[in-house]
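# Coordinates only, no sequence provided:
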């Protein structure tokens, strides 16, 4: 059950930042596909839903929508 909650949290956070930045998932998938291997929208959506997205892919998404990931000590 905890893995499902973490997966949902990751999905909600990534999708939230995409929405806040004014982008749509399809546009993000197209933009990151130009820099790396082709990333179909369905593949990206499935990875977010299942919580199997790689950290490098999350970094690519953040970069595509104009964000950077910063680690901050609690």
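Now that the structure is in, tell me what you want to look at. What you see is a predicted model; the values in this text were computed from it and never measured.
# quick one: low-confidence ranges for this structure?
Across the chain, the ranges flagged by pLDDT under 70 are 1, 35-39.
# what residues are up against residue 61?
14, 17, 18, 28, 32 (C-beta atoms under 8 Å, 6 or more residues apart in numbering). Where you see a C-beta, it was placed from the backbone N, CA and C, and this is true even at glycine.
# Can you report how many residues lie near residue 65?
19 (other C-beta atoms under 10 Å).
# residues in contact with the nearest residue to it once chain neighbours are set aside?
Nearest-residue entry for residue 65: residue 21, 4.1 Å, with adjacent residues in sequence omitted and distances by C-beta to C-beta, 6 or more residues apart in numbering. Residues counted as contacts of residue 21 (C-beta under 8 Å, 6+ apart) are 65, 66, 67.
# Please work out how many residues are found near the closest residue to residue 26 other than its chain neighbours.
Leaving aside its chain neighbours, residue 26 sits nearest to residue 41 (4.9 Å; criterion: C-beta to C-beta, 6+ apart). Residue 41 has 15 neighbours, counted by other C-beta under 10 Å.
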